[in-house]
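Asker: what's the 3D shape of this:
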Amino acid sequence: MELTFEIMHVFHLHNRGQFILARLLDDGLDFELKDSAELGGIPIYNYIDMPRLLDDNNEQRLDVFIFRPLKPMQEGSFAQGQRVELILPNK
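Answerer: Numbering: from 1, shown residues only. Below is the predicted model:
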């Protein structure tokens, strides 16, 4: 399964690692991260989080997710606004 995301921000938390904030562009799709998932060709943990971001109506945004790469990425691996595919294995 492939889902399209838009990169919003890439950041590093001291002693926690790198994180990728991305917006799901495919409406209404549920998904589950599994081992060997990749975001834009970067292997990611089977960990996902949803930040508490609010829209203009003060409602939680359910289209924004945080991913964590398995290995440190090089600077510039992703750019804000870049569209990437989340590849989910068929396991």
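Asker: going by C-alpha atoms from here, please, whenever you check contacts or count neighbours.
Answerer: Will do.
Asker: secondary structure element for the closest residue to residue 20 other than its chain neighbours?
Answerer: Closest residue to residue 20 apart from its sequence neighbours, by CA to CA, 6 or more residues apart in numbering: residue 10 at 4.6 Å. Using DSSP states H and E, residue 10 sits within strand 2-13.
Asker: endpoints of stretch 58-76, how far apart?
Answerer: 32 Å (CA to CA, to the nearest Å).
Asker: kindly report the same for stretch 63-72.
Answerer: From start residue to end residue, stretch 63-72 stretches across 25 Å - CA to CA.
Asker: and for stretch 53-72?
Answerer: Termini of stretch 53-72 sit 25 Å apart (CA to CA).
Asker: name the residues that touch that stretch?
Answerer: Applying CA atoms under 8 Å, 6 or more residues apart in numbering, the contact partners of stretch 53-72 are 17-25, 42-45, 47-52.
Asker: downstream of the strand holding residue 10, the next helix or strand is which one?
Answerer: Assigned by DSSP H and E, the successor of strand 2-13 is strand 17-24.
Asker: could you say what helices and strands the next helix or strand after that next one packs with?
Answerer: Past strand 17-24, further along toward the C-terminus, the next helix or strand under DSSP H and E is strand 38-39. Contacts defined by 3 or more CA pairs under 8 Å, 6 or more residues apart in numbering; DSSP states H and E place strand 38-39 against strand 83-87.
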